[in-house]
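K.L.:
sharing a model that was predicted from the sequence below.
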Amino acid sequence: MDQSLNSFPSRAPLLHRLRPARRTAFNRMFAAVYFCAILVLLYLHALKLIHSTTFTSFIISLSFLVSDTFLAFLWITRQCFLMTIVYRDEYPENLHEALLLKKSSSDFPALDVFVCTADPYKEPPMRLVSTVLSIMAYDYPTENISIYVSDDGGSQVTLFACMEAAKFACYWLPFCRKNNIIKRSPEAYFATNYSSCSSHTKEIQKIYESMEERIENVLETGKVGGENITEELERRAFSNWTDHGFIRQHHPTVIQVLLESGKNKDVTNHLMPNLIYVSREKSRTSTHNFKAGALNVLLRVSATMTNAPIILNLDCDMYSNDPRTPLRALCYLLDPKLMSQLAYVQFPQIFHGINKNDTYGCEYKRVFFSNPLGLDGMLGPNYVGTGCFFNRRAFFGGPSTIVPLEIPELGPDSVVDKSMQIQSQSVLELAHKVAGCNYEYKTKWGYEVGFRYGSLIEDFFTGFRLQCEGWRSVFCNPKRPAFLGDAPINLIDALNQVQRWNIGALQAYFSSFSPLTFGTRSLGPFMGLAYTHYCLWPTWFIPLTLYAFLPQLSLLHGVSVFPKLSEPSFILYVFLVLGAYGQDLIEFLIEEGTIQKWWNDQRMWMIRGLSAFGYGCLVFFLKCLGISTYGFGLTSKVIDDEQSKRYGQGMFEFGASSNIFVPLITAAIINLVSFLMGLVQVLRGRKMEGLFLQMFLAGFVVLNALPIYEAMVLRNDKGRIPFKTTATSTCLALALYGLVSLPLRNRN
Ligand SMILES: O=c1ccn([C@@H]2O[C@H](COP(=O)(O)OP(=O)(O)O[C@H]3O[C@H](CO)[C@@H](O)[C@H](O)[C@H]3O)[C@@H](O)[C@H]2O)c(=O)[nH]1
Ligand SMILES: [Mn+2]
């Protein structure tokens, strides 16, 4: 652990503090014991394999040996999150004193904020507007904030929404300041029972609602008509869409400066932040690298206009919930001891609107919360794609090396001439040039700078890359949630989301690092394990598939594959299973989870294993072979009322017929049938000593799959499992039964 980060000159006021978690000592001890148990288990498997007498028993032993070796390896890679857990506190109130800033000053560094959006029909523009306003209204010198909205949808509706946001901001910013509002996303603020119902509040709400109406109208028609345009400048902006054959996948760059801090003032005569709309050039013939591509363009465009040393990145649906958030980030980014090696400060991604027991395990407590706490004790957490403050310098090489660029203005050290307006001809020309879709091709920028591993996923691996280059990062986890976003509310969206992450992980793994990542590239062995862990995540599904089918199909034939109750290795199995689940439960509860949420979370882990993970790998390998192509599949943020009602009741939402559910439902059927057949045999008085673990496993899966049976036969609503999917799965279950019958019968 890096102790130097903890020590601060004794006289300077403290900016932040590090507290190692006490449970790490226990975790280390437990890991040692558990590791020994794994070795014994693998040894026993190997013995069985060597002494197997028939071909079938050989295959069964081999399957378990391979699967358990896999699981053991995954277990090892997870340990890096448990060995060095740390917590941090920061003291933004000490910033002025510690850094000798003038009290009233605008001495805080400039902040460029990147907000990405890609489709106004999947990502409601009103959500984007609220996100943007929540940041414009930060408790931070307003003239030092610049917000860049990236619109990958190339939509005039989005531009219109941003213009409206700029106008509303003139009322909203002074209102927030005057009333010291905490929730500065107007959508979130007006949705709660805000206390002061003064006439002023009502007035602001009216302005907000009329803006909402205008935006919704434009969204409905998909066009900005003459009646919506009040100024010549606006008319010219929208002419981009009428003049060229402008379509989403193929259009020139559009950059519009909607607010300029030097010029625009709010209704109380305060300066406004910069607000800039950017829709990068798109061409059918060049790849655009999804969100990573958008972020890279913003990195360049912002360099030409403001080049702030600090960058905040947010998704359009993740609003900021605490106006003092940037000050927390500054406690690290401006700490003289830390700043020269600090690449970014990651905040947890917190999902709101999750139902009581988190049916789809969408909180991702481990990925967004527990794991970063563990990594923070080493080189720091990975970047999770949103809610992250970057040191701009980190994108341009290691802490002591800097990549020379073709256009020096794009570099982190280039100083933007403040007297030069960001709307000046020369600035805009350069901005358009660097937003072009071929700019990265054959330039230093394309190969050595920016958000990389970009084609499908930009997040986790950008962080690892920066760490490889010698940077570290920090996990800032304030008591008050800092960034809130929506979670998927139906199963298919939830699975598509992880499937996309899996494909991205595989892509990063195969394209960027050698397969043996342990300790390579100066990451250190533990960080290497973390990287390996994220990459191997999708290949969970191999052991899971085996455990979901083989013991149960054997149970149907009365063949025992696990140790008997009386064998010593029975205890070993019990220890390994209860130990892993128990430790996981404890970690979950420590981070403010509940038992029900944990149960749903482990259920989702199984569900993902039998659906999204497998499909993710399949799609990836097909793509490698050039057989299929793959799109980003945005997570939909539009919510249908009936769906959201069912979600509130905790009902599983299967909905549209989809192949992704087939392996899952097949497993549910096989487990149920084999559990029932086992039960029948017990009732008939057959000794079940050898089949106890198999019965237990099938029973456990059946318990987990109760909502699946319900959705198959008992429900009539739109969220039930479509008959076609049930039928396909049943046929598959029968086929599997038939397939396994031959060798197992012979064995008996
Ligand atoms: O071509 C694209 C596709 C997506 N996006 C933006 O990327 C963000 C994330 O997309 P979303 O569908 O909302 O992904 P989630 O399922 O919510 O994403 C999680 O996982 C993503 C990586 O897969 C991360 O980028 C996100 O930050 C993280 O919240 C959104 O703002 C999109 O507008 C683009 O800008 N361009
Ligand atoms: Mn999202």
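P.N.:
Thanks, I have it. Ligands and ions are numbered 1, 2, ... in the order given.
K.L.:
list the contacts of whichever strand or helix holds residue 675.
P.N.:
Applying DSSP states H and E as the criterion places residue 675 in helix 662-683. Contacts to helix 662-683, defined as CB atoms under 8 Å, 6 or more residues apart in numbering, come from residues 545, 548-549, 552-553, 555-556, 558, 607, 610-611, 614, 688, 691, 694-695, 698-699, 701-702, 705, 708-709, 712, 721, 725-726, 728-730, 732-733, 736-737. C-betas here are computed from N, CA, C, even on glycine.
K.L.:
swap in stretch 528-542?
P.N.:
66-67, 70, 73-74, 76-81, 371, 375, 378, 382, 460-461, 464, 501-503, 505-506, 508-509, 513, 517-520, 523, 608-610, 613-614, 616-617, 620.
K.L.:
gap between the two ends of that stretch?
P.N.:
Start-to-end span of stretch 528-542 (CA to CA, to the nearest Å) is 22 Å.
K.L.:
swap in stretch 259-275?
P.N.:
First-to-last residue span, stretch 259-275, CA to CA: 5 Å.
K.L.:
that stretch: how far from the chain's middle?
P.N.:
The gap between where stretch 259-275 is centred and where its chain is centred comes out at 33 Å by CA atoms, centre = their mean, to the nearest Å.
K.L.:
in it, what counts as buried?
P.N.:
By neighbour count on 16 or more other CB atoms under 10 Å, the buried set for stretch 259-275 is 259-261, 264, 266, 271-275.
K.L.:
and the stretch 251-400 of the chain, which of its residues are near ligand 2?
P.N.:
315, 317 (CB under 5 Å from the ion).
K.L.:
give me the pLDDT for residue 617.
P.N.:
We have a pLDDT of 87 for residue 617.
K.L.:
tell me which element it is part of?
P.N.:
Going by DSSP H and E, residue 617 is in helix 612-624.
K.L.:
now do that helix and helix 662-683, the angle between them.
P.N.:
140 degrees (axes from the mean of the first three to the mean of the last three CA atoms, to 10 degrees).
K.L.:
which of the residues in the helix or strand where residue 37 lies are buried?
P.N.:
Using DSSP H and E, residue 37 sits in helix 23-50. Neighbour-count burial for helix 23-50 flags 24, 27, 30-31, 34, 37-38, 41, 44-45, 48-49 (criterion: 16+ other CB under 10 Å).
K.L.:
looking at the buried residues of stretch 259-275, which are in strands?
P.N.:
Here DSSP state E is the test, and the buried residues of stretch 259-275 give 259, 274-275 as lying in strands.
K.L.:
need these in JSON lines (columns: distance to ligand 1).
P.N.:
JSON lines is the format used below for these (distance: CB to the nearest ligand atom, whole Å):
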{"residue": "259", "distance to ligand 1": "21"}
{"residue": "274", "distance to ligand 1": "20"}
{"residue": "275", "distance to ligand 1": "17"}
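K.L.:
out of those residues, which is nearest to residue 389?
P.N.:
Closest approach between those and residue 389, by CB to CB: residue 274, at 17.7 Å.
K.L.:
could you give the backbone dihedrals for the closest residue to that closest one other than its chain neighbours?
P.N.:
Counting by CB to CB, 6 or more residues apart in numbering, residue 274 lies nearest to residue 146, which is 3.8 Å off, once chain neighbours are set aside. Per-residue torsions, residue 146: phi -130, psi 130 (degrees, to the nearest 10).
K.L.:
I'd guessed residue 146 sits against residue 112; true?
P.N.:
Yes: Residue 146 lies in contact with residue 112 (CB atoms under 8 Å); the separation is 5.1 Å.
K.L.:
which helix or strand contains the residue nearest the centre of the chain?
P.N.:
Taking CA atoms, centre = their mean, the centroid of the chain lies closest to residue 384, which sits 5.3 Å from it. Assigned by DSSP H and E, residue 384 falls within no helix or strand.
K.L.:
that one is in contact with residue 460, isn't it?
P.N.:
Yes: taking contacts as CB under 8 Å, residue 384 lies within contact range of residue 460: 6.8 Å.
K.L.:
what about residue 331, distance to residue 383?
P.N.:
To residue 383, residue 331 is 19 Å away according to CB to CB, to the nearest Å.
K.L.:
what do you get for residue 160?
P.N.:
Counting by CB to CB, the gap from residue 160 to residue 383 is 31 Å.
K.L.:
again, but for residue 174
P.N.:
34 Å.
K.L.:
more neighbours: which of these two?
P.N.:
The neighbour comparison of residue 174 against residue 383 (other CB atoms under 10 Å) goes to residue 383, with 26 against 17.
K.L.:
quick one: pLDDT of that one?
P.N.:
91.
K.L.:
which one is it nearest to, not counting chain neighbours?
P.N.:
residue 463 (3.7 Å).
K.L.:
so where does the one you found fall, helix or strand?
P.N.:
helix 459-468.
K.L.:
could you pull up the mean pLDDT of the following helix or strand past that helix?
P.N.:
Reading on from helix 459-468 to the C-terminus, the next helix or strand found by DSSP H and E is strand 472-475. Across strand 472-475, the average pLDDT comes to 97.
K.L.:
who in the chain is up against ligand 2?
P.N.:
Contact residues (CB under 5 Å from the ion) of the chain with ligand 2: 315, 317.
K.L.:
circling back to that earlier point, tabulate the buried residues of helix 23-50 (JSON lines), appending distance to residue 200 and pLDDT.
P.N.:
Putting the buried residues of helix 23-50 into JSON lines (distance: CB to CB, whole Å; pLDDT from 0 to 100) gives the following:
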{"residue": "24", "distance to residue 200": "51", "pLDDT": "94"}
{"residue": "27", "distance to residue 200": "53", "pLDDT": "96"}
{"residue": "30", "distance to residue 200": "58", "pLDDT": "97"}
{"residue": "31", "distance to residue 200": "58", "pLDDT": "97"}
{"residue": "34", "distance to residue 200": "61", "pLDDT": "98"}
{"residue": "37", "distance to residue 200": "66", "pLDDT": "96"}
{"residue": "38", "distance to residue 200": "65", "pLDDT": "96"}
{"residue": "41", "distance to residue 200": "68", "pLDDT": "94"}
{"residue": "44", "distance to residue 200": "74", "pLDDT": "92"}
{"residue": "45", "distance to residue 200": "72", "pLDDT": "92"}
{"residue": "48", "distance to residue 200": "77", "pLDDT": "91"}
{"residue": "49", "distance to residue 200": "77", "pLDDT": "93"}
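K.L.:
list the contacts for residue 377?
P.N.:
1, 20, 24, 83-86 are the contacts of residue 377 under CB under 8 Å, 6+ apart.
K.L.:
how about the helices in the stretch 201-350 of the chain?
P.N.:
For the stretch 201-350 of the chain, the helices defined by DSSP state H, counting those that start in this stretch cover 232-243, 290-305, 325-333.
K.L.:
between these, which one is closest to ligand 1.
P.N.:
helix 290-305 (3.7 Å; CB to the nearest ligand atom).
K.L.:
what is the helix holding residue 617 packed up against?
P.N.:
Under the contact criterion of 3 or more CB pairs under 8 Å, 6 or more residues apart in numbering; DSSP states H and E, helix 612-624 touches helix 491-512, helix 541-556.
K.L.:
go again using 6 Å as the cut-off
P.N.:
Helices and strands touching helix 612-624, by 3 or more CB pairs under 6 Å, 6 or more residues apart in numbering; DSSP states H and E, are helix 491-512.
K.L.:
so how far is the helix it packs on off the chain centroid?
P.N.:
10 Å.
K.L.:
close to ligand 1, is stretch 145-161?
P.N.:
Yes: Stretch 145-161 lies within reach of ligand 1 by CB under 6 Å from any ligand atom, at 150, 152.
K.L.:
now do stretch 362-371
P.N.:
No: Stretch 362-371 lies out of reach of ligand 1 by CB under 6 Å from any ligand atom, never closer than 8.9 Å.
K.L.:
domains in the protein, as residue ranges please.
P.N.:
What automatic domain parsing lists as the domains of the chain is 23-83+515-747, 108-323+404-448.
K.L.:
these two touch, right, the residue nearest to residue 274 and residue 272?
P.N.:
No: the criterion here is CB atoms under 6 Å, and residue 146 misses it with residue 272 at 10.7 Å.
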